[in-house]
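Novice: sequence and computational prediction follow.
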Number of protein chains: 4
Amino acid sequence: MKRVGILTSGGDCQALNAAMRGVEKGLRENIDELEIYGFFDGYKGLIYGNYRLLSHADFAGILTRGGTILGSSRQPFKLMRTPDENGLDKVEAMKHTYHKLNLDCLVILGGNGTQKTANLLREEGLNVIHLPKTIDNDIYGTDVTFGFQSAINVASQAIDCIHTTAASHNRVFIVEVMGHKVGWLTLYAGVASGADIILLPEIPYDINKVIEAINKRTREGKGFTILAVAEGAISKEDAALSKKEYKKKMEQSKYPSVSYELADRIREISGTEVRVTVPGHTQRGGSPCPYDRALCTRLGSAAARAIVEEDYGCMIAMINNETKRVPLGEVAGKLKTVDPNCQMIKEAKYIGISFGD
Amino acid sequence: MKRVGILTSGGDCQALNAAMRGVEKGLRENIDELEIYGFFDGYKGLIYGNYRLLSHADFAGILTRGGTILGSSRQPFKLMRTPDENGLDKVEAMKHTYHKLNLDCLVILGGNGTQKTANLLREEGLNVIHLPKTIDNDIYGTDVTFGFQSAINVASQAIDCIHTTAASHNRVFIVEVMGHKVGWLTLYAGVASGADIILLPEIPYDINKVIEAINKRTREGKGFTILAVAEGAISKEDAALSKKEYKKKMEQSKYPSVSYELADRIREISGTEVRVTVPGHTQRGGSPCPYDRALCTRLGSAAARAIVEEDYGCMIAMINNETKRVPLGEVAGKLKTVDPNCQMIKEAKYIGISFGD
Amino acid sequence: MKRVGILTSGGDCQALNAAMRGVEKGLRENIDELEIYGFFDGYKGLIYGNYRLLSHADFAGILTRGGTILGSSRQPFKLMRTPDENGLDKVEAMKHTYHKLNLDCLVILGGNGTQKTANLLREEGLNVIHLPKTIDNDIYGTDVTFGFQSAINVASQAIDCIHTTAASHNRVFIVEVMGHKVGWLTLYAGVASGADIILLPEIPYDINKVIEAINKRTREGKGFTILAVAEGAISKEDAALSKKEYKKKMEQSKYPSVSYELADRIREISGTEVRVTVPGHTQRGGSPCPYDRALCTRLGSAAARAIVEEDYGCMIAMINNETKRVPLGEVAGKLKTVDPNCQMIKEAKYIGISFGD
Amino acid sequence: MKRVGILTSGGDCQALNAAMRGVEKGLRENIDELEIYGFFDGYKGLIYGNYRLLSHADFAGILTRGGTILGSSRQPFKLMRTPDENGLDKVEAMKHTYHKLNLDCLVILGGNGTQKTANLLREEGLNVIHLPKTIDNDIYGTDVTFGFQSAINVASQAIDCIHTTAASHNRVFIVEVMGHKVGWLTLYAGVASGADIILLPEIPYDINKVIEAINKRTREGKGFTILAVAEGAISKEDAALSKKEYKKKMEQSKYPSVSYELADRIREISGTEVRVTVPGHTQRGGSPCPYDRALCTRLGSAAARAIVEEDYGCMIAMINNETKRVPLGEVAGKLKTVDPNCQMIKEAKYIGISFGD
């Protein structure tokens, strides 16, 4: 007999349902008496006791469905210790719900912030298992996160579409790819779709290098240039600002995002026509790709087995194509960013892709 | 024996190559001695004599390829009678190239502006055949244009992706769909993807009606609202301005496009979180969908037959699923906009979609 | 106040859910007191009283979902008047369920056979509205059926995939497309995807003409040939058989379908390597395309309005891009096949596509 | 100054062009004087001196294009030492062409057989670099081959489509997935798409276990069952036959492939309706997915660098997400099959997927 809670937290992404289905199928096959409680809208559901007993039917047909059947919300880790507007202690409230339902374990799907709260709950004595979800691929301790490959597909398709139209006209195109702090998504989508210039948060760019890369293409007779630009791409000047100064600058900016400002700078300096495309939240939407579905089915199955074996307090990671249980205490709070000197960046530069540095 | 010129003009779209392949296959099958000259970058190639004799191999494998193998450019109709910077009379230059190559006919793929120039060339004595290309579907005299259905697919997919993520959070999402003057693309993509509010250039919106439609959804327990907004969507206040005043307003606007301004207004009035997605030029890129490919193969075949039968001066239209030769003089200069009282709008309103009016 | 029943019958296809959503939204918006009863597995649910009161939530998020939330089954029209194994009179049973639930109307989604039964129920005094569903596009009285365009997309994608691999090797490829009696799907998918030979049930083929078309391509230096072959494609010899003889022949055939036999014949006569691909039921599966979703939303809305206006006994058709109420009595029992002399066939032949005749 | 030959050999797959583009861009960026010779139709072009000097333009726009711009053919390794019909020594002929063109290196894209011949050429003193291409993922010494993920996508999409239609009816569906000797593709596509039963060449199945798995689903109220069956799936009885006996049995079989025979057996034993879908060569066709494009761009870049550094005789492998040069002598002739006891199989069984064993 097992009672298992489950929740999805943070920005949603494509294979959350696939992962939950994997967990449920694994539990259902291997535990005779089973109750699964789904908490709505992430930790909010756990805090305020908003949940529902889930049946097998709730998980039917969701393997390919985007979003999350449980809903999600952002509950910043740094506010977890702060009482809510009614003075409620959120951590105690979560523990209360957990114990009231007499749960054996809580399965938590989410990204970095979610993981930190999961680790906090572990420290508070709850049994938790974390599944690494994020289109950003920035979770430390796993080779890959789910949602990442699906998001690459959406971003790549956007760049692909731009490619055919760019090749028919002579222009500079900017495609803004999600990623405020890390550039994995922009890097992979950019390389996969033949972007000429890739700007990442981890590699501050020199606007003159960007212009030079555009001019080089023009000199080679290529009429168009495509830039894959992360939401968090930053110029060398801005990178030199203090965090506070930069934040202030962004708040006062008339531009809705970095790409529009970059477009204006390129226009001013080079006189070229520049178009901006912002796929935005489409990158975390739509159906999960088969890669993510196979990944999530495996992660879910492995999570179920960990529960059956009562081995808690871990993230189920994928390392060298094997699922592993990684202690949460070893990974929570760490971020996996793009190393500017990593092999993939070198390979990209070797074929002529500019990173503006 | 026939000598045929071909060019693609204006903004590119998805099935230009498919249409040219249809023309070529039709000509090649039915004319023993055939020369096809491809002009580069639209009318520019015709004006400046920039062309190439195309072989059968040039048309191989292009049925599914986006963009145009000939390149394209915008050559505004209203400047056609204005000499270029070197004093060259463009119309005379086009006639010169046509006669120098001893062409029997010129096949011109393009939208409204392109069609007007094609009609001008017809009036000047050239044999022309026009194929109705545009993602805007705004060409008068044909039920449908090619590119339209492919663009609907791209725009719909963007809204679909937003749907799964929107349903997981509680927010207002705006997807900006292409279309400055006409709303066909926004209307079809919006209806096809279940947008809750659709704003078209043809139906000026009342911001309070928009807010009311959002609030209605909230009252019904639906956490999110999706707006499909045409690039040329306009508020009732702005619609009341003179064309000149409105142009001035837009030039001075700090917003890169109408959606960002609308987002700010919704935020201010309702306090809701609003996200903007701008698929932009992706809507005219990527592979053509099978609908457009079948359409273009038919239009191309019909154009070839018209050339064999030496029946010129027409657009090849699709009317009631039959290709027809429509005299250019009857249609050039006319625009097909969305009638606010058309059946489809009524049907959309009947199921609760708001048009902000 | 209205009580409406709804069911989906016959082979499933891609936009059944989208159509039901349209009906529901239209009814919900315009009727204050509304009850919608969903019958499971087509007419079976109506016969045996297997149904459920559907809530608004049942229709949420189903616009893009393939299949049917109500299930479907084939209940042959010609057996409708035959009692079931327990002696139950099916027609009376359906009337009984209808009256027991005090229904105002029954919305029936299905193809030709379904339509005939719907007409029978109309004759028996029930209020029915029929929505034309089939990937075969063979329903008389409407320009297009829903599912058709989505199925074209699946079949076209299969042929597209074959194209890239065929072009890399030198072979004959057969793609078997759904359609036992009518060839619309094969015709459109074949033209859209550049098939070289298209074999339809309506145009019996001469195997020598097929071989000759393959040889012509070889002579022209094209290493591969792609055939789009309908399930019901038939040779001239077989077409000369009586229906009974042909049925017997097919039952005794060692081949699972016509394509495998055709492949063997081509191999024997020409010595060429031939590969067969059978996308099969994938053609009625997967998500509906935006075209079908917009179509179904309109048909559903129009059906809802007909119910509100109490105008029953009709099919909601799409004619010249306008929804129309067509009396069932005028269309039931009629089949819309491909006319071998229609314009599209002529256009296809004009560009060199062989139909084996 | 470098002269480099390139060829694609064996069954084609989706990212061959992407890989060649990567090689070319890497060489072009880093070598001043460069000549690239493309050999047509695999080793055939090398044997018979059928090649062309390739320009930069030949590689433009091919990143997303399926197939291979050079063509391919199968030249069995075991016949390489056998003279052709005219008595030509193929190996000597290849060496002759290589030396005649004064090549510095030969880049060879292909699978297992291709790799063995590449190794043979290495032993004969030629400088070769091999890139691991195959949808089968069965090349020893690399974590992944290109084409594999794209093929998973095609096969998964087929199963997905079957899912929606299966869920609407009550039937058993078999989807036959490519793979005569190894089951990677079937395993991944099956898991990714929620197949209920997965039959691989590496795990001979017991027909009674298959029937039992179907019956279990029926008992659980699930109306349909989906089988992902590899082309080389084999029953325990057949696996007990000698290789010769089995080959004879297959040649005499009336079934075009294993799935049709399996379907008949299931029908006979269980009386259930069974449908077969054979996506066939579609699985190696169509556009490469972004995963494969990023992979190939990296492999191609790494190959170019190896050429610049004159480090030959290796396969460029991907190991732990790093490209590596693996000596051909260490890997040629080895096959990477699915270990029936590997973690992924265990995870799949843990959630209830049957492998028929």
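Specialist: Here it is on my side, so go on.

Novice: kindly report the residues of the stretch 151-300 of chain A close to chain D.
Specialist: A:152-153, A:156-157, A:160, A:163, A:167, A:188-189, A:191-194, A:289-291, A:293-294, A:297-298, A:300 (C-beta under 8 Å from any C-beta of the partner chain). Bear in mind the C-beta positions are built from the backbone N, C-alpha and C, glycine included.

Novice: what about A:Leu335, neighbour count?
Specialist: A count of neighbours around A:Leu335, defined by other C-beta atoms under 10 Å in any protein chain shown, yields 11.

Novice: and A:Thr272, by the same measure?
Specialist: 17.

Novice: which residue, other than its chain neighbours, is closest to it?
Specialist: A:Val172 (5.0 Å; C-beta to C-beta, 6 or more residues apart in numbering or on different chains).

Novice: angles on the backbone of the one you found, please.
Specialist: Dihedral pair for A:Val172: phi -100, psi 130, per degrees, to the nearest 10.

Novice: next one: the one 10 residues further on
Specialist: Summarising the backbone geometry of A:Val182 under the convention degrees, to the nearest 10, its torsions are phi -130, psi 150.

Novice: pretty sure it contacts A:Asp138?
Specialist: Yes - at 4.2 Å, A:Val182 and A:Asp138 qualify as touching, with contact defined as C-beta atoms under 8 Å.

Novice: buried ones among the residues of the stretch 151-300 of chain A next to chain D?
Specialist: Buried by 16 or more other C-beta atoms under 10 Å in any protein chain shown: A:152-153, A:156-157, A:160, A:163, A:167, A:188-189, A:191-194, A:289-291, A:293-294, A:297-298, A:300, out of these.

Novice: so which of those residues sit within helices?
Specialist: A:152-153, A:156-157, A:160, A:163, A:167, A:188-189, A:191-192, A:290-291, A:293-294, A:297-298, A:300 (DSSP state H).

Novice: quick one: the strands in the stretch 151-300 of chain A?
Specialist: In the stretch 151-300 of chain A, the segments counted as strands under DSSP state E, counting those that start in this stretch are A:172-177, A:197-199, A:225-230, A:274-277.

Novice: adding mean pLDDT, write the ones you listed out as JSON lines.
Specialist: Shown next, in JSON lines, are these (pLDDT from 0 to 100):
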{"stretch": "strand A:172-177", "mean pLDDT": "97"}
{"stretch": "strand A:197-199", "mean pLDDT": "98"}
{"stretch": "strand A:225-230", "mean pLDDT": "98"}
{"stretch": "strand A:274-277", "mean pLDDT": "95"}
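
Novice: can I get these in a markdown table including mean neighbour count?
Specialist: Output for the strands of the stretch 151-300 of chain A, formatted as a markdown table (neighbours: other C-beta atoms under 10 Å in any protein chain shown):
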| stretch | mean neighbour count |
| --- | --- |
| strand A:172-177 | 30 |
| strand A:197-199 | 27 |
| strand A:225-230 | 28 |
| strand A:274-277 | 22 |
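
Novice: JSON lines for those strands, including distance to A:Ile31?
Specialist: Shown next, in JSON lines, are the strands of the stretch 151-300 of chain A (distance: least, C-beta to C-beta, whole Å):
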{"stretch": "strand A:172-177", "distance to A:Ile31": "41"}
{"stretch": "strand A:197-199", "distance to A:Ile31": "47"}
{"stretch": "strand A:225-230", "distance to A:Ile31": "43"}
{"stretch": "strand A:274-277", "distance to A:Ile31": "48"}
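
Novice: number of nearby residues for the spatially closest residue to A:Val177 that is not a sequence neighbour?
Specialist: Nearest in space to A:Val177, with sequence neighbours left out and distances taken as C-beta to C-beta, 6+ apart, is A:Thr186 at 4.2 Å. By other C-beta under 10 Å, 30 other residues sit near A:Thr186.

Novice: any idea which residue of the stretch 1-150 of chain A lies closest to chain D?
Specialist: Nearest residue of the stretch 1-150 of chain A to chain D (C-beta to the nearest C-beta) works out as A:Lys25 at 3.8 Å.

Novice: roughly how far apart are A:Asn153 and chain B?
Specialist: With distances taken as C-beta to the nearest C-beta, to the nearest Å, A:Asn153 is found 11 Å from chain B.

Novice: oops, could you answer that again for A:Ala15 instead?
Specialist: A:Ala15 is 11 Å from chain B, by C-beta to the nearest C-beta.

Novice: residues contacting that residue?
Specialist: A:133, A:146-147, A:150, A:288, A:292-293, A:295-296 (C-beta atoms under 8 Å, 6 or more residues apart in numbering or on different chains).

Novice: next, it: phi, psi?
Specialist: phi -120, psi 20.

Novice: any idea how far it lies from D:Asn321?
Specialist: Per C-beta to C-beta, to the nearest Å, A:Ala15 is found 20 Å from D:Asn321.

Novice: cool, and A:Cys105?
Specialist: 31 Å.

Novice: comparing the two, which residue is more hemmed in?
Specialist: Shown here are A:Cys105 and D:Asn321; by other C-beta under 10 Å, A:Cys105 has more neighbours (23 against 15).

Novice: I figured that one hits A:Leu7, correct?
Specialist: No - using C-beta under 8 Å, A:Cys105 is not in contact with A:Leu7, being 11.9 Å away.

Novice: how about the nearest residue to the closest residue to chain B within the stretch 1-150 of chain A, chain neighbours excluded?
Specialist: With C-beta to the nearest C-beta as the measure, A:Gly66 is the residue of the stretch 1-150 of chain A nearest to chain B, at 3.2 Å. Nearest residue to A:Gly66, sequence neighbours excluded (C-beta to C-beta, 6+ apart): B:Thr164, at 3.2 Å.
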